[in-house]
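[1] I'd like to go over a predicted model; first the sequence, then the structure.
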Amino acid sequence: MAQANQFDPRPWYLLSPALLAITFLVIVPMSFILVYSFYVNIDLAVDEVAFQFGNWRELFTDSYYLNAIWKTFRLSAILTVLAAVLGYIPAYFIANTKYHHKWLLLLLLILPFWISFIIRTLSWIHIMGNQGAINGVLLWLGIIDEPISMMFNEFAVIVGFIHVFLPYMILNVYVSLEGIDKTLEPAARTLGCTPWQAFREVTLPLSLPGLAAGCLLVFVLTAGSYVTPLILGGPNDFLFGNLIYDAVIDELNWPMGATLSFTLLVLLGLVVVVYSRLMGLNQLYKAFG
Amino acid sequence: MRAWSLIRAYSIAVYIFMFAPIAVVLLLAFNSSQFGGFPIEGFSLRWFYKLYDNVAIVRAFKTSFVLGLLTACCATTLGVLASVALVRYRIRGKEWITTLLIMPVLVPETVLAVGMLIFLRWLSMPRSFGLLLLGHTIIAMPFVVLVVQARLVGIKKEFEEAAKSLGANPFQTFLQITLPLLMPAVFAGALFAFTISFDNITATIFWRPAGVETMPTQIFGMLRNSVSPEVNALGFVMVFITVTVPLMAGGLARYFSRKRL
């Protein structure tokens, strides 16, 4: 282009609405969270402008909060590993199948994104609840006399999360696998690899970017949730997000809510930064193309 | 090959895992029993009639629907403009701007929700429908940008340059050349935005004004240890709207475009 050196304002006109929205609805509010975390909570929904570290001291010394951080990271890690293990194989299947109606498999993979999250979550009550399908079948077969209690515990929360987040993992791995040259694996085979070796040495390393993107999404999405534990979990199955919900919605303690929110933002921000250093953020965008 | 049939069986099992619970909700919506769960006593549409008579649910439905439409309009407008700028012009710091536009996806929704609430509090403004709209727009916009950008990269620049050489100004070029070619992506992005808004609960619980319910928060409020049959019927309606309507739209679009060729 001839005017490459000249400043062209036109793209900035086009970008300005979106950038303004991001600035005032995301960046400015994030800084307000930090500022509010130094305020003092006086009473329900009443707080005072201050610069003190009381909220932060409470967060770092109270084992309740530290325990919640640990629980959240533990559950997110469990889910990430589970999603990777459960999701990789179907993604591999879709990428390599010779089935004529492959589009149908892909459509079914996208379909869950359109189905209401809350409906998908509560549907597990129909499966694992006391009046659910599993108990119904077991009772009918006479294997048990009383319904087994499977709901409102950590297991139910994990199942609910996996159900919602698995499509993200499969889609990301699939996109990565689909981009691999299909002649590479046969080439490795002719050079004497067993099928398993060919997969391990060629396909798996090449699909790592997609796997990593899926893992990042599952980890971050899990660590930021609070609704699934409320629906499927028991009283002890709370995540860090639940503490924020309690502080802001129930206790109306804004300064503490801000402190907790900022902590979650920083912790997950670190995860994203480490990921983008290793992988770059581009892979994340691919799955939506 | 034995390994391959294992992989296939495993994948089918995962698909069943993903869809069986939803199928159960759809099935139970037609159960005549007055409890939401099993056993199925008989076929009945009574829970759908009940839904229609439930003022709170109808109101929540209208709120969600209007909110979804408005969100789709706003997010698509912002997203398309930004995508055109990013794909069609050379600008400094493109990577940074893209990251910035995608940022709402990477910020946990809970944090985003609390941040906007605190900002509003500082402005001494109450929660309002406007907050829900702005918030949903920000959550949906990154997805519109990703979808539209991907399509825009595939549209040849030559079409636009031809229009310009024939005397069209940039605005005419956009309206008469780029936009029609981009329409499928715009439509897909808008649909995506609508679904995201219609489905959002995490941030909506924080943002909704007192007394305002959207579909998901209404359902959430109706859940107390058990699922009522009305919720099943509602689930059926929601799945129908967010799945069948886009599928039919896509199918019809395909049918008509094939007919024209």
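    Cool, the structure landed.
[2] Counting neighbours, what do you get for residue 14?
    Just so you know, I chose chain A. A:L14: 22 surrounding residues under other CB atoms under 10 Å in any protein chain shown. Every residue, glycine included, has its C-beta placed from N, CA and C.
[3] hmm, I had chain B in mind actually
    18.
[4] which ones are touching the nearest residue to it once chain neighbours are set aside?
    For B:V14, ignoring the flanking residues on the chain, the nearest one in space by CB to CB, 6 or more residues apart in numbering or on different chains is A:P90 at 4.6 Å. Residues near A:P90 by CB atoms under 8 Å, 6 or more residues apart in numbering or on different chains: A:170, B:10-11, B:14-15.
[5] In terms of helices and strands, where is A:P90?
    For A:P90, the host element (DSSP states H and E) is helix A:63-96.
[6] Report the buried residues of that helix.
    A:65, A:68-69, A:71-73, A:75-76, A:79-80, A:82-84, A:86-96 (16 or more other CB atoms under 10 Å in any protein chain shown).
[7] Check stretch B:85-96 too.
    For stretch B:85-96, by 16+ other CB under 10 Å, it's B:85-88, B:91.
[8] how about the helices of chain B, start to end?
    B:2-28, B:46-53, B:55-88, B:94-106, B:109-122, B:129-154, B:157-165, B:170-173, B:179-199, B:204-207, B:215-222, B:229-239, B:245-260 (DSSP state H).
[9] Packing partners of the third one?
    The reference is to helix B:55-88. Counting contacts by 3 or more CB pairs under 8 Å, 6 or more residues apart in numbering or on different chains; DSSP states H and E, helix B:55-88 packs against helix A:10-22, helix B:46-53, helix B:94-106, helix B:129-154, helix B:179-199, helix B:215-222.
[10] mind checking which of those helices is nearest A:M128?
    helix B:215-222 (18.6 Å; CB to CB).
[11] ok and that closest one relative to helix B:179-199, angle-wise?
    Orientation of helix B:215-222 against helix B:179-199 (axes from the mean of the first three to the mean of the last three CA atoms, to 10 degrees) gives an angle of 10 degrees.
[12] Need the residues that contact helix B:215-222.
    Looking at what lies outside helix B:215-222 - CB under 8 Å, 6+ apart - the contacts are A:116-119, A:122, A:227, A:230-231, B:56-57, B:60-61, B:63-64, B:198-201, B:204-205, B:208, B:213, B:228, B:230-231, B:234-235, B:238.
[13] just how off-centre is it within its chain?
    Offset of helix B:215-222 from its chain centre (CA atoms, centre = their mean, to the nearest Å): 17 Å.
[14] pretty sure B:A193 contacts B:L69?
    No. With contact defined as CB atoms under 8 Å, B:A193 does not count as touching B:L69 (9.6 Å).
[15] more crowded one of those two?
    B:A193 (29 against 15).
[16] list the contacts for the more buried one?
    The contact partners of B:A193, by CB under 8 Å, 6+ apart, come to B:68, B:71-72, B:75-76, B:79, B:137, B:140-141, B:143-144.
[17] 6 Å - rerun?
    B:71-72, B:75, B:140, B:144 (CB atoms under 6 Å, 6 or more residues apart in numbering or on different chains).
[18] cool, and A:S123?
    Taking CB under 6 Å, 6+ apart as the test, what A:S123 contacts is B:21-22, B:25.
[19] That one is in what secondary structure piece?
    helix A:117-128.
[20] ok and that helix relative to helix B:229-239, angle-wise?
    Using the same axes, to 10 degrees: helix A:117-128 against helix B:229-239 is 130 degrees.
[21] Near residue 171, how many other residues are there?
    This is for chain A. 25.
[22] nope, chain B please
    Quick note: B:F171 (other CB under 10 Å) scores 8 neighbours.
[23] any chance you could map the strands in chain A?
    Assigned by DSSP state E, chain A shows strands spanning A:40-43, A:46-48.
[24] Could you export these as TSV, including mean pLDDT and distance to B:A150?
    Below are the strands of chain A laid out as TSV (pLDDT from 0 to 100; distance: least, CB to CB, whole Å):
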stretch	mean pLDDT	distance to B:A150
strand A:40-43	79	46
strand A:46-48	77	45
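[25] what does the stretch 1-150 of chain B have sitting close to chain A?
    B:7, B:10-11, B:14, B:18, B:21-22, B:24-25, B:37-38, B:78, B:81-82, B:84-85, B:89, B:91, B:100, B:104, B:106, B:108, B:110-111, B:114-116, B:118-119, B:134, B:138, B:146, B:150 (CB under 6 Å from any CB of the partner chain).
[26] Of these, just the buried ones, ChimeraX syntax please.
    Those of the residues of the stretch 1-150 of chain B next to chain A that count as buried under 16+ other CB under 10 Å are selected in ChimeraX with:
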select /B:7,11,14,18,21,22,24,25,37,38,78,81,82,84,85,91,100,104,106,108,110,111,114,115,116,118,119,134,138,146,150
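[27] Apart from its neighbours in sequence, what residue is nearest the residue nearest the centre of chain A?
    Centroid check for chain A by CA atoms, centre = their mean gives A:L221 as the closest residue, at 2.2 Å. Closest residue in space to A:L221, ignoring its immediate chain neighbours: A:F165 at 5.9 Å, by CB to CB, 6+ apart.
[28] Equivalent analysis for A:Y65, please.
    Closest to A:Y65 by CB to CB, 6+ apart is A:L59, at 4.9 Å.
[29] list the buried ones in stretch B:71-84?
    Buried-residue list, stretch B:71-84, by 16+ other CB under 10 Å: B:71-72, B:74-84.
[30] cool, stretch A:179-197 as well?
    Those would be A:180, A:185, A:188, A:193, for stretch A:179-197 by 16+ other CB under 10 Å.
[31] That stretch close to chain B?
    No. Shown here: stretch A:179-197 not in contact with chain B (CB under 6 Å from any CB), separated by at least 6.8 Å.
[32] who touches that stretch?
    So stretch A:179-197 is contacted by A:198, A:202-203, A:206 (CB under 6 Å, 6+ apart).
[33] ok, back up a step: any idea how far the helix holding A:S123 is from the middle of the chain?
    Averaging C-alpha positions (CA atoms, centre = their mean) puts helix A:117-128 18 Å from its chain's average.
[34] what do you get for stretch A:124-138?
    27 Å.
[35] near chain B at all, that stretch?
    Yes. With CB under 6 Å from any CB as the criterion, chain B is reached by stretch A:124-138 at A:124-127, A:131, A:136.
[36] so where's the stretch 51-200 of chain B shaky on pLDDT?
    Flagging of the stretch 51-200 of chain B using pLDDT under 70 yields an empty set of residue ranges.
[37] residue contacts, residue 34?
    No chain was given, so I picked chain A. A:L34 neighbours (CB under 6 Å, 6+ apart): A:F262.
[38] separation between it and B:F129?
    28 Å (CB to CB, to the nearest Å).
[39] Could you report the pLDDT at A:A4?
    Per-residue confidence (pLDDT) for A:A4: 51.
[40] ditto for the one 5 residues further on
    We note a pLDDT of 81 for A:P9 in this prediction.
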